[in-house]
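In: build me a model from this:
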Amino acid sequence: MTVIAVDDTDSRDRGMCTTYVAARLAERVREAGGTVERTVLVRLNPAVEHKTRGNAALAVHCDLAADRALALADDALDRAETADPRTNPGGVVVDAAPETVPAALADVSRRAVREFLDLDAVRETLAAAGVETVERGMGRGLIGAAAAAGAHRAFDEWTYECISYRERERWGTDRQVDTDSVFAAADDAYPEVWDTVDREEGVAVCVPRTPCPILHGIRGDDPAAVRRVAQRIESEPVVRRHMFVTNQGTDAHLRDGTIDGVRDGRAYRLDGDVATRPETKEGGHVFFTFEGKEKIRCAAFEPTKHFRDRVRALRIGDQLTVCGEVSDGTLKLEKFALRDAVRTELVTPDCPECGRSMKSAGSNAGYRCRDCGTVADGKVEQRLDRDIEEGWYEVPPVARRHIAKPLIRGGFDAPTHPER
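Out: Residues are numbered from 1 along each chain as shown. Model prediction:
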């Protein structure tokens, strides 16, 4: 077996797409007489500065000889969007089965999903492992290519995406997709197929809005189901479809941590308490302070839409697990679990005679009813009516990152409240 991996072949402005490059590469493997076992789409750390959009790297698992595979990888980079000076493609070829690639590549893969890697260090790893490489420009894509090559050995949890591609002459133009057919197909296949649409916002999130070759991408846990949904969508002509095995929807980017140990550019699961009432700032963003041994600011930004209402419903003292990327010292919420909700609050007592609210009788003197003369020693405990239940909450599909795990997939440690 041989693993061919590529990355950084697209452009933020000019389009192209590394998934398209990989799909065409798989076709050329077959044209050369090879067999493709799978094509792997790996989402890397979403906080990486040099990413284009979803920070995807791709690998093709096949049975071509390594020298022939290297020639195809080199040809694939020739077809990349290198007119953009920020695009610096890289490709690697590993003469091994996907599950037996060098352990160092699996380590690169795990780290590339959760942190930042140095290009020179990755070059040294590839050279030490005897891995063949090709590159263009400064070759930054070698980082992602190495990560994609090691992914099958590095990770155990996988989902699927069926991507449909447009005719080349349509790239950069408005996509012609019948939204009603998207919603109907999504409804019939849910929950095996997820994040196809956002029902609250009325948006077909499977349809990108960039000048790339993708017409739509359907994600889910069952490859047959995602393919059926893709085939049911009424649209402009589809020139090709390709099935990818992917770490999307797995939360592979999250690491367990503590507030005092967080670093910018990494994503965490953190436990702690709400320390300040959530506050809505200019632009509709919602912030609150979260504390454990230290404190950190948490944010639900405007694009997360009604998820902000879940955050606004939190109270000081609520115990949470929060998940998200830390940037500039702020954790950008992707989901949270309300573990233990505050159920009571201390309030000024009412007079038992007339029912009116008592007034302070002075410093440390309790409360007194000015009309009836009744007194109370201090504030009293009152039951709170909460409009939020304990359990997990998430941003809606329209705001969800590719790698973030939707609650509907299950496996969470508390009740879930999925967004559709």
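In: C-alpha from now on. contacts and neighbour counts both.
Out: OK.
In: which regions of this structure sit below the pLDDT cut-off?
Out: 11-16, 49-54, 80-84 (pLDDT under 70).
In: could you chop it up by domain?
Out: The chain is divided into the following domains under automatic domain parsing: 2-154, 159-246, 254-343+387-409, 346-383.
In: can I get those domains in CSV with mean neighbour count and distance to Pro415?
Out: Shown next, in CSV, are these (neighbours: other CA atoms under 10 Å; distance: least, CA to CA, whole Å):
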stretch, mean neighbour count, distance to Pro415
domain 2-154, 21, 27
domain 159-246, 19, 16
domain 254-343+387-409, 19, 5
domain 346-383, 15, 23
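In: okay, the ones you listed in CSV with distance to Arg420 next?
Out: CSV is the format used below for these (distance: least, CA to CA, whole Å):
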stretch, distance to Arg420
domain 2-154, 21
domain 159-246, 6
domain 254-343+387-409, 7
domain 346-383, 32
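In: which residue ranges form the strands in the stretch 1-150 of the chain?
Out: Secondary structure of the stretch 1-150 of the chain (DSSP state E, counting those that start in this stretch): strands at 2-7, 36-43, 56-62, 90-94, 132-135.
In: could you dump those into CSV and include distance to Glu167?
Out: Shown next, in CSV, are these (distance: least, CA to CA, whole Å):
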stretch, distance to Glu167
strand 2-7, 22
strand 36-43, 21
strand 56-62, 22
strand 90-94, 26
strand 132-135, 27
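In: closest to Leu407 out of those strands?
Out: strand 36-43 (18.6 Å; CA to CA).
In: now the closest one against strand 2-7, angle please.
Out: Strand 36-43 and strand 2-7 are oriented at 30 degrees to each other (axes from the mean of the first three to the mean of the last three CA atoms, to 10 degrees).
In: show me what contacts the residue nearest to His216 when sequence neighbours are not counted?
Out: The spatially closest residue to His216, leaving aside those adjacent along the chain, is Val207, at 4.5 Å (CA to CA, 6 or more residues apart in numbering). Going by CA atoms under 8 Å, 6 or more residues apart in numbering, Val207 touches 214-217.
In: Asp221 too?
Out: 159-160, 192-193.
In: follow-up on the earlier one: the domains of the chain: which one's closest to His417?
Out: Of these, nearest to His417 by CA to CA is domain 254-343+387-409, at 5.5 Å.
In: next, report how far the closest one is displaced from the centre of its chain.
Out: 14 Å (CA atoms, centre = their mean, to the nearest Å).
In: about what we covered before: now render the contacts of Val207 as TSV, adding secondary structure and distance to Arg266.
Out: Putting those into TSV (DSSP: H, G, I helix; E, B strand; the rest coil; distance: CA to CA, whole Å) gives the following:
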residue	secondary structure	distance to Arg266
Ile214	strand	29
Leu215	strand	31
His216	strand	29
Gly217	strand	26
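In: show me where the chain has helices.
Out: In the chain, the helices defined using DSSP state H lie at 18-31, 66-78, 103-114, 119-128, 141-154, 179-189, 223-232, 307-312.
In: go through the domains of the chain and name the closest to Glu419.
Out: Across those, closest to Glu419 is domain 254-343+387-409 (CA to CA), at 5.3 Å.
In: before we move on, the earlier item: nearest to Cys298 among the contacts of Val207?
Out: Gly217 (30.8 Å).
In: what's the closest non-adjacent residue to that closest one?
Out: Closest to Gly217 by CA to CA, 6+ apart is Ile163, at 4.3 Å.
In: show me the contacts for Asn88.
Out: 8-9, 82, 135-141.
In: ok, the residues you listed vs Asn247, which is closest?
Out: The shortest approach to Asn247 among the contacts of Asn88 belongs to Asp8, at 17.9 Å (CA to CA).
In: direction included, what does the longest strand seen in the chain pair against?
Out: If you go by DSSP state E, the chain has its longest strand at strand 330-340. Applying DSSP bridges, strand 330-340 is found paired with strand 295-300 (parallel), strand 319-327 (antiparallel), strand 391-394 (antiparallel).
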